[in-house]
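Student: missing the sequence, but the structure's below:
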């Protein structure tokens, strides 16, 4: 039983009481008239607060990252009415016919807050919602829900007039939803907002998620618009990074993982290294790289979630560990011992550090595109110089269960198919045989 169940039951009881009271038809004195007016206002407020967004807007291709909408792509949103379905009139279809939604920029949101919903209704919308499917009303666990699936087409010209010249990936908007309802002859107009969202083209959406991530985690309390904190402490940031990782992958990061992640954030305040600013988090490129801290972390998250999840959960990937620490761990190990970590110089990639001829070496990183062609487990199996997973576990003992042979196809336990391309496996070369810009990888 969810908290929504308790809320909707309480709301239903109170609404029934208000409706019965207001339906009393008799000559009333001034005191009773004033009381009826006040109860009407309270009923309006109760209904207004019972009209909420249950599932925030999310593009169908970005189920893991809600609140980021891809222009000209389908998205879904679910609205809830937290009162009992028994309050529905027989002609509730008329309610749905009055339902509407609009995407608002900051100036339009201020109009609604200051002057009410009527202030924007006559105005032409800055954004066009196309191919809008009729809203579907359902009853889920006695809660009324309205589901909308639509395409959003953004008027790019409107964006160009942003006086603050905010980068596209940092622009924030809100959906507003409204509904006219009739209860026993009493008419109410309800409206509610989504959380702040970002609207982007397909090529920008990965970079934009930093804006939504920071907004969700560090919004200023009781804010009126999109205000967020400009800086946070590292422990605060570590908590939300850990929560996001666990939500997508299924396990929390260790303290050692988080300690290493902290070292990847660019230096900021020389007097207080415990404070992380928005600029350090998502705007300042990492030293000698062309990507930010959040891009590095987020693309690793996607890599693990989509291709390495079970390997990571089973502890077969060291992951967040520095090149120096991986070399230290492998010192003294026998030839063929290896470990897998995330690259620090390539965005969204893993690399293998190993021992050969009593010397430490490493492979060129494997990114998402590389792993789409062949799974990690099969690649390691095909590399005959990789023998023991650190500290000394035969590789077939731990990686063998992750695939089964089927002619020329390898199927990992995640269910994805990989072409068995032997050239890819045999072309894995130590990095000392390949010219590269960095010695860390």
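Tutor: Sure, I can see it. Not measured: the values here are computed from a predicted model.

Student: can we go C-alpha only for contacts and neighbour counts from here?
Tutor: Fine.

Student: what ranges do the strands span in the stretch 251-400 of the chain?
Tutor: 275-277, 337-342, 349-356, 359-362, 366-367, 388-389, 393-394 (DSSP state E, counting those that start in this stretch).

Student: now the ones you listed as a markdown table including distance to residue 310 and mean neighbour count?
Tutor: What follows is the strands of the stretch 251-400 of the chain, written out as a markdown table (distance: least, CA to CA, whole Å; neighbours: other CA atoms under 10 Å):
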| stretch | distance to residue 310 | mean neighbour count |
| --- | --- | --- |
| strand 275-277 | 31 | 20 |
| strand 337-342 | 14 | 25 |
| strand 349-356 | 15 | 24 |
| strand 359-362 | 23 | 18 |
| strand 366-367 | 17 | 18 |
| strand 388-389 | 16 | 22 |
| strand 393-394 | 18 | 14 |
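
Student: among those, which is nearest residue 291?
Tutor: strand 349-356 (13.0 Å; CA to CA).

Student: List the contacts of that closest one.
Tutor: 300, 303, 319, 326-327, 330, 333-343, 360-368, 385-386, 441 (CA atoms under 8 Å, 6 or more residues apart in numbering).

Student: please redo it, this time with the cut-off set to 6 Å
Tutor: 335-343, 360-363, 365-367 (CA atoms under 6 Å, 6 or more residues apart in numbering).

Student: Listing partners with orientation, what would you give for it?
Tutor: strand 337-342 (antiparallel), strand 359-362 (antiparallel), strand 366-367 (antiparallel) (DSSP bridges).

Student: Figure out which of those is closest to residue 254.
Tutor: Counting by CA to CA, residue 254 lies closest to strand 337-342 out of the strands paired with strand 349-356; the figure is 14.3 Å.

Student: Rounded mean pLDDT for the closest one, please.
Tutor: Across strand 337-342, pLDDT averages out at 93.

Student: go on, stretch 231-246?
Tutor: Mean predicted confidence for stretch 231-246 is 94.

Student: coming back round to it: with respect to residue 172, which of the contacts of strand 349-356 is nearest?
Tutor: residue 367 (30.5 Å).

Student: any idea how far residue 297 is from the nearest residue to the closest one once chain neighbours are set aside?
Tutor: Using CA to CA, 6 or more residues apart in numbering and skipping residues adjacent in sequence, the residue nearest residue 367 is residue 349, 4.2 Å away. Relative to residue 297, residue 349 is positioned 10 Å away (CA to CA, to the nearest Å).

Student: what about the helices in the stretch 101-250 of the chain?
Tutor: 106-115, 156-159, 205-218, 234-249 (DSSP state H, counting those that start in this stretch).

Student: Now render the ones you listed as TSV, adding mean neighbour count and distance to residue 76.
Tutor: As requested, the helices of the stretch 101-250 of the chain are arranged in TSV below (neighbours: other CA atoms under 10 Å; distance: least, CA to CA, whole Å):
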stretch	mean neighbour count	distance to residue 76
helix 106-115	14	21
helix 156-159	12	22
helix 205-218	19	17
helix 234-249	17	20
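
Student: So which of those helices is nearest residue 225?
Tutor: Going by CA to CA, the one of the helices of the stretch 101-250 of the chain nearest residue 225 is helix 106-115, 7.3 Å.

Student: one step back: Throw the helices of the stretch 101-250 of the chain into JSON lines and include distance to residue 286, thanks.
Tutor: Output for those, formatted as JSON lines (distance: least, CA to CA, whole Å):
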{"stretch": "helix 106-115", "distance to residue 286": "31"}
{"stretch": "helix 156-159", "distance to residue 286": "29"}
{"stretch": "helix 205-218", "distance to residue 286": "15"}
{"stretch": "helix 234-249", "distance to residue 286": "17"}
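
Student: Any idea what residue 360 is bridged to?
Tutor: Residue 360 has these beta-bridge partners by DSSP bridges: residue 355.

Student: Tell me how far it lies from residue 82.
Tutor: Distance from residue 360 to residue 82, counting by CA to CA: 62 Å.

Student: Next, work out how far apart the nearest residue to residue 225 once chain neighbours are set aside and residue 312 are.
Tutor: Spatially, and ignoring its direct neighbours in sequence, residue 225 is nearest to residue 106 (7.3 Å; CA to CA, 6+ apart). Noted for residue 106: a distance of 41 Å to residue 312, by CA to CA.

Student: and stretch 250-260, how far apart are its ends?
Tutor: With CA to CA as the measure, stretch 250-260 spans 20 Å from end to end.

Student: same question but for stretch 119-139, I mixed them up
Tutor: Counting by CA to CA, you get 32 Å between the two ends of stretch 119-139.

Student: Same check on stretch 188-208?
Tutor: 37 Å.

Student: got it, and stretch 222-237?
Tutor: For stretch 222-237, the first-to-last residue distance is 20 Å (CA to CA).

Student: just checking, residue 190 touches residue 48?
Tutor: Yes - counting by CA atoms under 6 Å, residue 48 is a contact partner of residue 190 at 5.3 Å.

Student: Which neighbours do these two have in common?
Tutor: Common neighbours of residue 190 and residue 48 (CA under 6 Å, 6+ apart) do not exist.

Student: Break the protein down into its structural domains.
Tutor: Annotated domains of the chain cover 3-202, 231-433 [automatic domain parsing].

Student: Ranked by average pLDDT, which of those domains falls at the bottom?
Tutor: Minimum mean pLDDT among these: domain 3-202, a mean of 71.

Student: about what we covered before: which member of the contacts of strand 349-356 is positioned nearest residue 78?
Tutor: Distances from residue 78 to the contacts of strand 349-356, taken by CA to CA, are shortest for residue 367, at 35.3 Å.

Student: distance of the closest one from residue 345?
Tutor: 12 Å.

Student: what do you get for residue 304?
Tutor: Here the criterion is CA to CA. By it, residue 304 lies 17 Å from residue 345.

Student: Repeat that for residue 81.
Tutor: Separation of residue 81 from residue 345 (CA to CA) stands at 49 Å.

Student: quick one on the thing from earlier: which one of the helices of the stretch 101-250 of the chain lies nearest to residue 266?
Tutor: Between residue 266 and these, the tightest spacing by CA to CA is seen for helix 234-249, at 12.4 Å.

Student: which residues are in contact with that closest one?
Tutor: With CA under 6 Å, 6+ apart, helix 234-249 has contacts from 252-253, 274-275, 305.

Student: Neighbours of residue 176, how many?
Tutor: By other CA atoms under 10 Å, the residues close to residue 176 number 19.

Student: So what pairs up with it in the strands?
Tutor: residue 102, residue 193.

Student: That one and residue 196 touch, don't they?
Tutor: No - counting by CA under 6 Å, residue 176 does not reach residue 196; the two are 10.6 Å apart.

Student: Now do the shared contacts for the two.
Tutor: Joint contacts of residue 176 and residue 196 (CA under 6 Å, 6+ apart) do not exist.
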